[in-house]
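Engineer: Take a look and give me a structure for this.
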Amino acid sequence: MIIPTYNESENIELLVEKVLNLEPAVDALVVDDNSPDGTGELADNLSEKYKERLFVLHRPGKLGLGTAHREAFKWAMKHGYRQLVTMDADFSHRPEAIPIMLNKLQVADVVIGSRYVRGGQMEGWTLTRKINSWTANFLARRLMGLKTKDCTGAFRAYQTDVLKIVPLEKLRARGYSAHLEVLYYLEKAGARVAEVPITFVNRQKGQSKISVGEVRETLNVLVYYFLFRPMVPAARKGERKLEFFNFTL
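Structural biologist: All right, here's what the predicted structure looks like:
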């Protein structure tokens, strides 16, 4: 489990407890961007309770969700994890969905907790936020050529080996739109992408991290991939060839 954090002191302890008490058992990595509210210290204290299961990666400042995921992917590969799950730290993503996603990962390379397949929904969203989310996904499919319905969601499960296809050091986004870039390379490489319905719940505690800068960066990413359509790196020697098939469960 990869859990990036910035000022999530009101959520992190309960979230970690819920995640680490799931069946099947999972380990967790908290990537904290030097949260002023002490989230990193709380995570350190929890890691003493859950030794060998909870790890904390401290970064010097707020460097962006996309870069947090990139560092976490590299950490997980280095430590031999074969499956990864990414989620937000604010309970927008319900931990109870994780076992379902891991189960579907047995027949897929990527599983996305989706708001936009049958059974998926949002709770507590304003009409403006719904329109913004729908527009971003529509543009991602049109401009980047993606086929997934929920292209922007951060609740994902990956087979770690497919992430080796993604040129992590060349991704342009520092923030949320890195999700679009990762999905672009995986789809173009032929990864098997499954979407499972989730209920996305608006955060109850803490503040949203989405800013005008994030919106601007997303637009830049969409335009770049529309204009230049970067090539997918050739599979490295010894890696299996991926065959594309996208399905909804």
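
Engineer: Pick out the residue closest to the middle of this protein.
Structural biologist: residue 154 (3.3 Å; CA atoms, centre = their mean).

Engineer: That one belongs to a helix, doesn't it?
Structural biologist: No - the assignment for residue 154 by DSSP: H, G, I helix; E, B strand; the rest coil gives coil, which leaves it out of any helix.

Engineer: Low-confidence bits of this structure, can you list those?
Structural biologist: Applying pLDDT under 70 to the chain flags residues 208-210, 234-249.

Engineer: So which residues of it form strands?
Structural biologist: 2-5, 28-32, 54-58, 83-86, 110-114, 121-123, 156-159, 192-197, 199-201, 245-248 (DSSP state E).

Engineer: Same list (those strands) but as CSV, adding mean neighbour count and distance to residue 12.
Structural biologist: Bear in mind the C-beta positions are built from the backbone N, C-alpha and C, glycine included. Formatted as CSV, the strands of the chain follow (neighbours: other CB atoms under 10 Å; distance: least, CB to CB, whole Å):
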stretch, mean neighbour count, distance to residue 12
strand 2-5, 25, 6
strand 28-32, 24, 7
strand 54-58, 18, 10
strand 83-86, 21, 16
strand 110-114, 27, 20
strand 121-123, 13, 21
strand 156-159, 24, 20
strand 192-197, 22, 25
strand 199-201, 18, 17
strand 245-248, 14, 32
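
Engineer: Figure out which of the ones you listed is closest to residue 214.
Structural biologist: Across the strands of the chain, residue 214 has its closest neighbour in strand 2-5 (13.8 Å, CB to CB).

Engineer: one step back: adding distance to residue 147, write the strands of the chain out as a markdown table.
Structural biologist: Formatted as a markdown table, these follow (distance: least, CB to CB, whole Å):
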| stretch | distance to residue 147 |
| --- | --- |
| strand 2-5 | 24 |
| strand 28-32 | 29 |
| strand 54-58 | 32 |
| strand 83-86 | 20 |
| strand 110-114 | 11 |
| strand 121-123 | 21 |
| strand 156-159 | 15 |
| strand 192-197 | 8 |
| strand 199-201 | 21 |
| strand 245-248 | 5 |
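
Engineer: Contacts only, for residue 215.
Structural biologist: residue 132 (CB atoms under 8 Å, 6 or more residues apart in numbering).

Engineer: Renumber starting at 26 from here on
Structural biologist: With the count now opening at 26, the last piece we talked about shows up as residue 240.

Engineer: What separation do you get for it and residue 200?
Structural biologist: 10 Å (CB to CB, to the nearest Å).

Engineer: just residue 68 next, same as before
Structural biologist: 21 Å.

Engineer: do residue 123 as well
Structural biologist: 24 Å.

Engineer: So between residue 68 and residue 200, which is more surrounded?
Structural biologist: residue 68 (28 against 22; other CB atoms under 10 Å).

Engineer: Next, the contact list for the nearest residue to residue 209 once chain neighbours are set aside, please.
Structural biologist: Spatially, and ignoring its direct neighbours in sequence, residue 209 is nearest to residue 169 (5.4 Å; CB to CB, 6 or more residues apart in numbering). Applying CB under 8 Å, 6+ apart, we find residue 169 in contact with 176, 205, 209, 247, 250-251.

Engineer: What subset of these is buried?
Structural biologist: Burial by neighbour count, 16 or more other CB atoms under 10 Å: within the contacts of residue 169 this picks out 176, 205, 209, 247, 250.

Engineer: Which residue, neighbours along the chain excluded, lies closest to the last one?
Structural biologist: Looking back up the chat, that one is residue 250. Closest to residue 250 by CB to CB, 6+ apart is residue 169, at 4.5 Å.

Engineer: quick one: the one you found and residue 239, what's the gap?
Structural biologist: Distance from residue 169 to residue 239, counting by CB to CB: 17 Å.
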